[in-house]
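# Next come a sequence and a model predicted from it.
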Amino acid sequence: MTQKTTLFAILILGAFAVVTAFFAGGLGKDPRALPSVMVGKSLPAFSLSDLDGNTTYSNADLPDEAFLLNVWGSWCPACHIEHPYLMELGQQIPIIGLNWPADNATEAADGKAMLARAGNPYRMVIMDKEGKMTMDLGVYGAPETFLVSADGTILHRHAGPLDATIWRERFVPLLEKKP
Amino acid sequence: MSKARASLFALLFGSALAGAAQFQDSRQEAQYYELIRTIRCPTCQNQNIAESDAPLARQLREQIESQIKQGRNSADITDYLVERYGDFITYAPPFAARTWLLWLMPLMAMLAALAVWLARRSRQSISRTTLNDAEKAELDTLLKRYRNTP
């Protein structure tokens, strides 16, 4: 081969290797997963009542330690799947339940029924009746779980059901980093 | 239209019309329909929120309707959504430092192709534009052979 052909061949193979590496890096990633732009920002201000509509809570009522904010709904199948794990996890870290009615007109009753039947892992449940809190958080599906620091900074957002592996690999390292 | 047909029509399409946004101002209405076509539904990500039936799409449409009625312009409303969902939510990404590659890549690819073509062309210089005798003879042979095939 001439020198020019060799050079050309090396360039082509090099370009191919770069493109392959780029695509290989994407294998296993979910193209529909959205990175949260809320990470690093403060939890949005809210004033929402619980499922009964009796008590109203606001940011002042949030725990003074790191906690989880779990977005859920009785209409969401994956939330039912995640529920037993939340019952377990709720004993390690406070979990605030943000109920998202979405299009379910009877979500207050349905949500209460779900908690009565499957147990209540939440220290506090707030219902996002207008849908504003879920929008302020950049929620695009249920379930979603936010890790929030003691001072109200969002540390992480996980979209999809939570399980022990995700907790260990994504949440625990962030908890251990905080002073 | 008969009563039966009218009820059937209402049954089939009523749900789609039920939540339709109402505007007094036709400019606001135009702004609304333009905006909901440029916002992607984060749940059904291959649809804009005008098309999507997802609960979040409905919520976003209502939010946009309410903000338009408060007099906000489309750029501000889009910023509001991008603040919460990221650039992905708009079908018209901004031209900023982080998106220049997205915008310029097609142009850069075409310029690169043009450069390669020009480089190759200048290297192959054609010295003659007519055939010499040997080439003429070869051309005649080939033409005779292929003209005669049916």
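Received the coordinates, thanks. Numbering: from 1, shown residues only, chains lettered A, B, ... in the order given.

# what's around residue 67, how many residues?
All of this refers to chain A. 21 (other Cβ atoms under 10 Å in any protein chain shown). In short, each C-beta sits where N, CA and C put it, glycine included.

# um, chain B though
Residue crowding around residue B:67 was assessed by other Cβ under 10 Å; the count is 18.

# Could you double-check that it lies in contact with residue B:79?
No - in this structure residue B:67 lies outside contact range of residue B:79 using Cβ atoms under 8 Å: 11.0 Å.

# Nearest the geometric middle of chain B, what residue?
For chain B, residue B:91 is the residue whose C-alpha lies nearest the centre (Cα atoms, centre = their mean; 8.2 Å).

# Surely that residue is in contact with residue B:38?
Yes - look at residue B:91 against residue B:38 with Cβ under 8 Å: they come within range, at 4.8 Å.

# Between the two, which contacts overlap?
Common neighbours of residue B:91 and residue B:38 (criterion: Cβ atoms under 8 Å, 6 or more residues apart in numbering or on different chains): residue B:48.

# Low-confidence regions, chain A specifically.
Scanning chain A with the threshold set as pLDDT under 70 gives A:1, A:178-179.

# which stretches of it form strands?
With strands called from DSSP state E, chain A shows them at A:47-49, A:56-58, A:67-72, A:95-99, A:124-127, A:144-148, A:154-159.

# Adding distance to chain B as columns, could you present these in JSON lines?
Listed next are these as JSON lines, based on distance: least, Cβ to the nearest Cβ, whole Å:
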{"stretch": "strand A:47-49", "distance to chain B": "15"}
{"stretch": "strand A:56-58", "distance to chain B": "20"}
{"stretch": "strand A:67-72", "distance to chain B": "11"}
{"stretch": "strand A:95-99", "distance to chain B": "13"}
{"stretch": "strand A:124-127", "distance to chain B": "14"}
{"stretch": "strand A:144-148", "distance to chain B": "11"}
{"stretch": "strand A:154-159", "distance to chain B": "10"}
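
# Could you dump these into a markdown table with distance to residue B:21 added?
Listed next are the strands of chain A as a markdown table, based on distance: least, Cβ to Cβ, whole Å:
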| stretch | distance to residue B:21 |
| --- | --- |
| strand A:47-49 | 25 |
| strand A:56-58 | 29 |
| strand A:67-72 | 26 |
| strand A:95-99 | 26 |
| strand A:124-127 | 25 |
| strand A:144-148 | 27 |
| strand A:154-159 | 28 |
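
# Need the nearest residue in space to residue 78, chain neighbours excluded.
Here I'm looking at chain A. Closest residue in space to residue A:78, ignoring its immediate chain neighbours: residue A:161 at 4.7 Å, by Cβ to Cβ, 6 or more residues apart in numbering or on different chains.

# my bad, the chain I had in mind was chain B
Once flanking residues are discounted, residue B:78 sits nearest to residue B:90: 5.5 Å by Cβ to Cβ, 6+ apart.

# so what's the one you found bridging to?
With DSSP bridges as the criterion, residue B:90 is bridged to residue B:39.

# Tell me how far residue A:174 lies from residue A:156.
Distance from residue A:174 to residue A:156, counting by Cβ to Cβ, to the nearest Å: 6 Å.
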